[in-house]
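*Asks:* Build the 3D model from these lines:
(4 chains)
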There are 4 protein chains.
Amino acid sequence: MALMNGAQYRESIKKLRPNIYKWGKLIEDPTTNPVTKAHIDCVAQAYDNSCDPEKEAIYTATSLSGQKAHRWNTLNTTLESQMANADMKRDQYRWSGTCVGATCAGWTGLNVLYAITYDMDNDLGTNYHERVKKYFQYVEDNSLALAGCITDAKGNRALKPSQQSNKDSNLHVVETREDGIVVRGYKIQICGIAAAHEVIIVPGSGYGESEKDFCVAAAVPKDAEGITIVETRRPSDERQESEGWDAPKVGATTQAYLLFDDVFIPNDRIFMNGEFKYSGAIIGTFAAIYRAAIGACVAGQGDIMAGAAINMARANGLSQKPFQAKLTEMAIKNEITYGLGIGAMAKGKQHKSGLWVPDALLAHTNKTQVASLPYEVKVMAQDISGGIAETGCIPPYEDFQNPVYGATLLKTMEAGTDGESRIRAARLVEWLTVGGGIPGCMHGGGSPDGAKMVVKAFTKWEDHAASAKRIAGITGVVEEPPKKK
Amino acid sequence: MALMNGAQYRESIKKLRPNIYKWGKLIEDPTTNPVTKAHIDCVAQAYDNSCDPEKEAIYTATSLSGQKAHRWNTLNTTLESQMANADMKRDQYRWSGTCVGATCAGWTGLNVLYAITYDMDNDLGTNYHERVKKYFQYVEDNSLALAGCITDAKGNRALKPSQQSNKDSNLHVVETREDGIVVRGYKIQICGIAAAHEVIIVPGSGYGESEKDFCVAAAVPKDAEGITIVETRRPSDERQESEGWDAPKVGATTQAYLLFDDVFIPNDRIFMNGEFKYSGAIIGTFAAIYRAAIGACVAGQGDIMAGAAINMARANGLSQKPFQAKLTEMAIKNEITYGLGIGAMAKGKQHKSGLWVPDALLAHTNKTQVASLPYEVKVMAQDISGGIAETGCIPPYEDFQNPVYGATLLKTMEAGTDGESRIRAARLVEWLTVGGGIPGCMHGGGSPDGAKMVVKAFTKWEDHAASAKRIAGITGVVEEPPKKK
Amino acid sequence: MALMNGAQYRESIKKLRPNIYKWGKLIEDPTTNPVTKAHIDCVAQAYDNSCDPEKEAIYTATSLSGQKAHRWNTLNTTLESQMANADMKRDQYRWSGTCVGATCAGWTGLNVLYAITYDMDNDLGTNYHERVKKYFQYVEDNSLALAGCITDAKGNRALKPSQQSNKDSNLHVVETREDGIVVRGYKIQICGIAAAHEVIIVPGSGYGESEKDFCVAAAVPKDAEGITIVETRRPSDERQESEGWDAPKVGATTQAYLLFDDVFIPNDRIFMNGEFKYSGAIIGTFAAIYRAAIGACVAGQGDIMAGAAINMARANGLSQKPFQAKLTEMAIKNEITYGLGIGAMAKGKQHKSGLWVPDALLAHTNKTQVASLPYEVKVMAQDISGGIAETGCIPPYEDFQNPVYGATLLKTMEAGTDGESRIRAARLVEWLTVGGGIPGCMHGGGSPDGAKMVVKAFTKWEDHAASAKRIAGITGVVEEPPKKK
Amino acid sequence: MALMNGAQYRESIKKLRPNIYKWGKLIEDPTTNPVTKAHIDCVAQAYDNSCDPEKEAIYTATSLSGQKAHRWNTLNTTLESQMANADMKRDQYRWSGTCVGATCAGWTGLNVLYAITYDMDNDLGTNYHERVKKYFQYVEDNSLALAGCITDAKGNRALKPSQQSNKDSNLHVVETREDGIVVRGYKIQICGIAAAHEVIIVPGSGYGESEKDFCVAAAVPKDAEGITIVETRRPSDERQESEGWDAPKVGATTQAYLLFDDVFIPNDRIFMNGEFKYSGAIIGTFAAIYRAAIGACVAGQGDIMAGAAINMARANGLSQKPFQAKLTEMAIKNEITYGLGIGAMAKGKQHKSGLWVPDALLAHTNKTQVASLPYEVKVMAQDISGGIAETGCIPPYEDFQNPVYGATLLKTMEAGTDGESRIRAARLVEWLTVGGGIPGCMHGGGSPDGAKMVVKAFTKWEDHAASAKRIAGITGVVEEPPKKK
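*Replies:* Next up, the predicted model:
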């Protein structure tokens, strides 16, 4: 039994060395600082869920050592476990209204490294797999929240990492010692770091030999020496960080920039160091798992958008009925990303190491939908909810507190319910559609254009052309024209 | 071992009593008459596939009696078998370019009756399930092609079957004898009847007690006394039935109207007779299986559309490259219906009888996409292929044979390939998009509006509204307004 | 007064030398031969309309010589006249359900040549404009129907006309004599030729000096020596050409291939002969006029699709009400193409010659919508109408005449109306969506990809980028990266 | 000559009695307070444009008294003037990136009242039209910025204004005196009030006799006794109101709530007082003008989105080329709303009073597109721009100023340009898509569902059904089924 409840989790986060900044200032205690508190509360709730008899079926699974562990710490070896992971995510989104973020990418990274190091060890005689396994059990036994560091700052998109004027644009190894390595560089747009204990580092892309130094995978405590973390300014964060009803306080996510300034990593936490040939497999496997699961995430948020729109209609004094066709369309779009992700899992295969890997073609197809359908769901939520939700066109909380005109102002908001409830209902729709609740479904986990490249690569164009030729009864030559010289 | 090859299949069809008409005339031998020949050839190919070592993994499965049988005759008891069935369908579509149709609805009907009769027998003490089981084994052992009769002529949509001025608008029992029943009425738009041996009858909808007479399920030989079959006139059928290159000859489907004129059905082939309470379950289970699988069908046809568009671009003298973004979109749409159908299966459950039943919410969501995405794929195929494919704007085959201007006319068609090949390439696109190759993805297996009603029914609107209320921090009352009086 | 009624028109067509073929046979009298009759009847109706006091406001305008003439013969010199032309087209579509086709491209060609020859004469001292003017008056005074020949057979798309292995793939001048020129080659997919008196020839594209021979514009009698015309085989044409109710008989269009075998054209009918620098302007101006007006055409057909869907719902026994949201969407899509075309006209300018020329950017934008929205309207028509309309899944006319089962078969079709009316209602939807009524909105008048190239060319990207830079407060350099070497 | 420059305008605003609040505090000087300054600067720019020889063709027109006046003060009597008004709006959007807002609704309201009072006076013998005319000249001569007050707080949507528990939910007349009237109630979501001199009040809907008190139209100085104005909290406003680069400072709009607490309006400024029969005509005419013009607004913002996306691609180190297909789609969507609005104007008619009124069917069709296409343009801007623009996932301005890690942090942003420029480029995209630059295209000027009701009402369904019946050759009865009892 390796579970931790929310209170224990908060304590464990409090103990870490403070190294997170926002608004130019150090955050001494992330569990109470309004920049990070709501996010950590969300993650704490998921810890509590794993200890709650009514929720444990969703939130727990069996660890490598056979114990009950938080599901987000465990290895997915079957279709069932992978679907259960997706269902947990949808449940989390329904709780918080947005991405919780502290565990998804880290968990995916560790699962992937479990498989790729298996292949590396087999091919190269390294002992990375044993290290991963040991670290995996450590994570499970201590119920750690892991953030995942993939995206580098990159620099100029037209150049490779090694060609950047500032090599730090991409995280890289600067020194390999007997007992470990030293890394430096920038990992940016990292989700959930504030609520995590540790960080899983993987290469930002698949690389060739010239980019060997950038092929590093490892696990690092979030508060390791040399790491500076800066939180990002996302829509509506000021109102989320201050009191009042202008933003929901339940759901929240954070994203941060990590500056690695010569950070030392001991050997037992290094899972790749220069084996560039396997970097592509890390990214490919990561993407397949991530892009199959993300359909459940956006579906969970879509569920909340539907609910928020219903509340808003009623708050306006109307029934859900005249909007039912739109609501049903919302549900359809939610189920498409969810169901297509499940389909990708179902057509998956078990890797020799035991990891279940979804079908890449379907997973990447799903990414293209995750990058478009939630936008349509948002538009429908705004459509149903009316102008105040669409534009946030409501005076600030402070004005409603004004002793002279505040009470009158609140009366302007009364409709199918009291003024405050209607404001809250409208602000939730605003937050979900143009505010802090937007988790980044377009580029999160990579761009849809990248996904389309995979779809292109995995589709058997010549087979289809040959079938069509046969059906058409064509016997003449029909082939690509010669390239122009 | 209960397999049959294509030649044996053709012989078995030839033996049936001729009772199919088209153009006002009886078709003496459906295996040679051009109205039905191409369709029967397609089905024969699928029989051959089951005997082909390279294809048997796709086309065979294990029968109830443990033998190797044609996959389309077998009971689907696992997720794996159901996914394999979908993959067989996609493979068939890739062979023929369109619906083969002789087995899908009949097979689904029999699978469904296997489950529902199990419940009926349990609840009512009837012995329908044993009858189904016995019949199922007979079908497997003889490798029969089964058509499925669901859709009634219906009559006026605003009235129930019992209220129709002509009771025959819906198939019904007119007499129950000791040894069996007598049925009459019209089943219409029945797919694949020409290529089938027998017919599975199920009620056209879920009914209440007043519609008891219409709650009949049974198996009937296609050529039973009293059955008259009339084939329908679908786009381009005249050119498909005559010689020349104006329509592909490989792929073909047929759809027919069945007039039941007091047809006797013996007891061992009756699986429901008035048990109206179970009629809804038949339709519901049928729809879940059918609408999960149909994603694979339209994906298979979409594969051919992509291939046909590539051929056409090349036939025009162009490369596939400038059209790649559109081709990739086509592939994405194909994979959505396929993968979402697989997702519906993966979230399915095993019925007590052993039948694997897909998740209804996802299956019906898929139906809404099957009713829209293939249209978009068609438009892209036309877009890539150019005006001659879009409009069929090519002179008839006969003009190209004209001794005076035929040879010159053929020169007008030369481009990236010879004139005949280009015509054939264009005619395939025409056939797939405005011709005989269109299988009816909008209303086939029921309308998308019906599917949306299921999506509406299975979505937990109040749960979502409650979650949104909690996240928004609303404590006031937000509820449906009272109905106006 | 230069008007002609339908009967006079039919007589004038009957007098022309027979040179049209289909099914390998010569059509002796196009006004009675079922291949061309329905189309000619449609055009005759439009002639009658010009003589009908109730319709003459729509169908007539003032000719160059100040007389009342058929609107489709007149020069458009004002926004009002151009909008009136569009409204006439929408009215025609509402009459016939599809493209009438005999006058649109020819009329546009003549209007364009009026303007471009004005420029040519001004610049080059030629006297083409006077020739056009004289010919224009001849056309107006005799109320002639003009087809327009633009599209060449082209051959291999990757090569220029002069590089084709068969030079005849594109129409070209083979000899310039004192009294005229001789042309040969293929013009294909020519709309409405069967119902036209004469043909306006323009170059198929904008060309450079190497393609001088292909830069020819002229007017030719349809039955000139050396012209062979072959009609194309379009969806459902066999049923349209035979008796019965399986296709509507009112609306029809025809498209044909023209083989020019050394056709002589006298000087006064030659409007361009080698002046390649003006070939681009012909195509550009043609496209601007054509693509502004075509929005009215597809809107008119969309109106009929909406009406056909309403009829079909009622024929099924249902009210229009449950389908109102879809019907309103259909109306919206119809009005978009119509209104955007009108917008292109309103932002147009008068050419020095007097011709009103729509705004190219808006006209080409409209083409992209004409190539997509009508498809969506079709899908909605099928959606509302049900399976028999979608697939044409109804037995042929002949079976309903069968003495044995015909009467019973007709009963299967009874619903909200009698069987025959319901079949006719369904067949109209089929014809509009997968049948002969489809006028070719994707590639007709050029492809949407071509239109997008114009949109790209006419959009001020750098201006927009500079405005955005200013608004963003960017002072650094943000420019296109250097090209890779 | 009645023009005012930006400096004069600022002075005139400064002179008004301070009655605007935000954050619970009174804004003493709106021209310098950061809540309203950027907005007022935008409007000042448009005043300067009217005095700039290079811009005056766009920004000026002729006043009722024949003088050169700011175009936004003048009466539109011709298609040309209405199109020029649209072009001015597109130019304004290109300047500010968003809605300027101070003049549009007020100007439209005054134009509409010019026409409707003409009818009222004609029918009822009132002298409202003279009052409007006089006030119109006063506005033109003093170059006043007019806000428009249409939307009431409404209260419960299921009840009429007179049935609301709080009658103030809708603005109404509480007393009619000899010399004027007294009004009270709430007008909310009023655009541009901070930058306006006066306010045009019109009824919030078309009303019947029971709602007579709510049928009031008038002109009121913004700072009239009894008016309290509270600004709304819209996305990102805190960063727009503070220093730094986290939001652009050029473009800005404001929206406010107006509390009318027994405000007296003298007779010469009252244009309707209880004449309920004309309230519908006000709303109908207002909507037709507004919804035709709004296409130009969103097109102008779309132009900036395209430019911002190009900048962002380049800032990332990439060329515009790989994104060209998306950019062209953006341009197409921009031109659709612009051109369709122009089309609505071109099909308009001149009212007897002289006002040019666009075609309602096309104007409302345009509203449905304005409520959807800009969302698609936004999604494409995010797609091209990458994750930092999509989510705003960049640390706050303050962190980049931190002496310890600020300089390093800025290096993470360097790519195709310097770090600051790239942040500014990304923040502009964020602001345009999830920030303060969103002007409210869904519900602004009324909801798309309302527009669809107009499209439904103005489409001739029965005519289309009759045409389709004729084309189909139907002679039987096909009509709406009788209503169920």
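*Asks:* Can you give me the distance of residue A:437 to residue A:335?
*Replies:* Residue A:437 sits 20 Å away from residue A:335, going by C-beta to C-beta, to the nearest Å. Yep, even glycine has a C-beta here, placed from its N, CA and C like the rest.
*Asks:* Hmm, I typed the wrong one, I wanted residue A:175.
*Replies:* From residue A:175 to residue A:335 the distance is 51 Å (C-beta to C-beta).
*Asks:* Then residue A:317?
*Replies:* Relative to residue A:335, residue A:317 is positioned 30 Å away (C-beta to C-beta).
*Asks:* The two - which one has more neighbours?
*Replies:* residue A:335 (31 against 19; other C-beta atoms under 10 Å in any protein chain shown).
*Asks:* Okay, and that one sits in which element?
*Replies:* helix A:324-346 (DSSP states H and E).
*Asks:* Tell me which helix or strand comes right after that helix.
*Replies:* Downstream of helix A:324-346, the first helix or strand assigned by DSSP H and E is strand A:349-350.
*Asks:* In terms of secondary structure, what does the helix holding residue A:335 contact?
*Replies:* Helices and strands touching helix A:324-346, by 3 or more C-beta pairs under 8 Å, 6 or more residues apart in numbering or on different chains; DSSP states H and E, are helix A:79-96, helix A:279-315, helix A:360-370, helix A:373-385, helix B:324-346, helix B:360-370, helix B:448-458.
*Asks:* what about residue A:461, how many neighbours?
*Replies:* 17.
*Asks:* Any idea which helix or strand in chain A has the lowest mean pLDDT?
*Replies:* One helix or strand of chain A scores below all others by mean pLDDT, DSSP states H and E: helix A:387-391, with a mean of 88.
*Asks:* hmm, that one in reach of chain B?
*Replies:* No. Helix A:387-391 stays clear of chain B (C-beta under 8 Å from any C-beta of the partner chain), getting no nearer than 11.0 Å.
*Asks:* neighbouring contacts of that helix?
*Replies:* Identification of contacts with helix A:387-391 by C-beta atoms under 8 Å, 6 or more residues apart in numbering or on different chains yields A:312, A:381-382, A:393-394, A:425-427, A:429-430, A:433, D:151, D:189, D:232, D:234, D:255, D:438-440, D:442-444, D:447.
*Asks:* pretty sure residue A:9 is touching residue A:47, no?
*Replies:* Yes. Contact criterion C-beta atoms under 8 Å: residue A:9 and residue A:47 qualify, at 4.4 Å.
*Asks:* Overlap in contacts, those two.
*Replies:* Joint contacts of residue A:9 and residue A:47 (C-beta under 8 Å, 6+ apart) are residue A:143.
*Asks:* what's the residue in the stretch 1-150 of chain A positioned nearest to chain B in contact with, if anything?
*Replies:* Taking C-beta to the nearest C-beta, chain B has its nearest neighbour within the stretch 1-150 of chain A at residue A:97, 4.3 Å off. Shown in contact with residue A:97 (C-beta under 8 Å, 6+ apart): A:248, A:250-251, A:301, A:304, A:428, A:431-432, A:437, B:467-468, B:471.
*Asks:* Please consider this matter closed, and thank you.
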